[in-house]
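Asker: compute the structure for the input listed below.
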Amino acid sequence: MTLLAKDSNGSSIQAAAPIAATEREAITTSSTSATAVSAGTTLLRLIGSSDCYYRVGTAATLTTSCYLPSNLVEYIKVKQGDVVHLIGDTTSGYLYLTEMN
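Answerer: Next up is the predicted model:
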């Protein structure tokens, strides 16, 4: 017996459930950090309104960061205490972070 959600054809699909409100962080050309990941969170959904670079960790540096193009949804594995550090590419906008499980 599967515990996965089903699509309209009855096939199993993987699903994650939001467990906290979505956090909005400003993207600027200066580095910034989001709030630390809460207990019980295993997955973060990231969506940026402008191109940015991000890095996850407790003391991450942006010199070895991941590029996130605007309007692309990214899911990343995290653990309690991790922090998302970010910096904008050339324009400002917002990065939306949703804790999931």
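Asker: tell me which residues touch the residue nearest the centre of the chain, please.
Answerer: Centroid-nearest residue in the chain, with CA atoms, centre = their mean: residue 46, separated by 3.0 Å. Taking CB atoms under 8 Å, 6 or more residues apart in numbering, we find residue 46 in contact with 54, 68, 73, 74, 75, 76, 84, 95, 96, 97. Just so you know, the C-beta spots here come from the backbone N, C-alpha and C atoms, and that holds for glycine as well.
Asker: now name the helix or strand holding it.
Answerer: Following DSSP states H and E, one finds residue 46 within strand 43-48.
Asker: next secondary structure after that strand?
Answerer: Following strand 43-48 in sequence order, the next helix or strand is strand 52-57 (DSSP H and E).
Asker: ok so residue 75 is a strand residue?
Answerer: Yes. Counting by DSSP: H, G, I helix; E, B strand; the rest coil, residue 75 is found in a strand.
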